[in-house]
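Engineer: next input, structure requested:
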Amino acid sequence: MIIRDVLAPNPGPFTLSGTRTYLLGRSAVLDPGPAIDSHVEAIRAAMPNLKTILITHRHGDHAPAAVPLKHATGARMIAPPGVLDDEQVDQRVRGGERLDIDGETLEVIATPGHTSEHVCYLTSDGDLFTGDTILGEGTTAIFPPDGNMADYLHSLRTLRSRNPRRIFPAHGPTRDDAVALIDHYIAHRLEREQQIVTALDAGAHTVSSMRQRIYPELDKRLQGAAEVQIVAHLIKLESEGRVDARGGAYFLTPVV
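Structural biologist: Reported below is the predicted structural model:
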């Protein structure tokens, strides 16, 4: 399958250089991106025979452009539950489906974690479209309550088990080291989890004090996001019975 991309003009701290909308074969786009007129026009120019629109998750930098594209072309829209309105979406996918795109098979893989409905798409050649589950550089943000760290780690391991060849992320460059990158993502999250456990053991019982210990030189603009990531890990640890939350503070559960 021929894979091209169109970069949306929406750079930022979480979108990196912008959202990458992928053009698959002769007739499909994946993650059409934000509903910016110039971006929609660029997609239409690059894919004049658009028949299918695929979406990984509901966030505003991934899904909204699907609406004007569908109105302009009549393309079928395929998305997981909770993405756009039911009357706009032709097929809901939850994982396990196999889609025919220009004679090529695209497998849908459920990957909750970044959001509860997130899915990834895998070609028979091992090309994996990861949305926001894996980025081309940096790490993915998990924002509770919809974002779930335990689900996210499980999704990473699910993708690892598929032994993909290349990763096409929604943000950042294409990666030819797919398995190594997934291993790095898993190791990074487990390392952060251990840092939180170590901070708790050392007497840092609030999210703020943990952040100061784990990220001592972090840019002030990023401190809030870092604390949310710590909370996501703490929720996972609490669900596993390894941490107790009491009165806005956190404590390691005694080992019996």
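
Engineer: shouldn't Leu135 be in contact with Ile167?
Structural biologist: No - if you go by Cβ atoms under 8 Å, Leu135 and Ile167 don't touch, sitting 9.1 Å apart. Placement of C-beta: from N, CA and C, glycine included.

Engineer: what about the two, which has more around it?
Structural biologist: Ile167 (26 against 23; other Cβ atoms under 10 Å).

Engineer: name all residues that make contact with that one.
Structural biologist: By Cβ atoms under 8 Å, 6 or more residues apart in numbering, Ile167 lies in contact with Leu128, Thr130, Ile134, Gly136, Thr174, Arg175, Ala178, Leu181, Ile182.

Engineer: again, but for Arg4
Structural biologist: Tyr22, Leu23, Ala46.

Engineer: tell me the SS of it?
Structural biologist: strand (DSSP: H, G, I helix; E, B strand; the rest coil).

Engineer: ok, it to Ala141 distance?
Structural biologist: As judged by Cβ to Cβ, to the nearest Å, Arg4 and Ala141 stand 27 Å apart.

Engineer: with Met1 instead?
Structural biologist: Distance from Met1 to Ala141, by Cβ to Cβ: 30 Å.

Engineer: so where's the stretch 101-250 of the chain uncertain?
Structural biologist: Along the stretch 101-250 of the chain, no part satisfies pLDDT under 70.

Engineer: return the closest of the contacts of Arg4 with respect to Pro13.
Structural biologist: Nearest to Pro13 among these: Tyr22, at 22.3 Å, using Cβ to Cβ.

Engineer: what residues are up against that closest one?
Structural biologist: Ile3, Arg4, Asp5, Val29, Leu30, Asp31, Phe129, Phe168.
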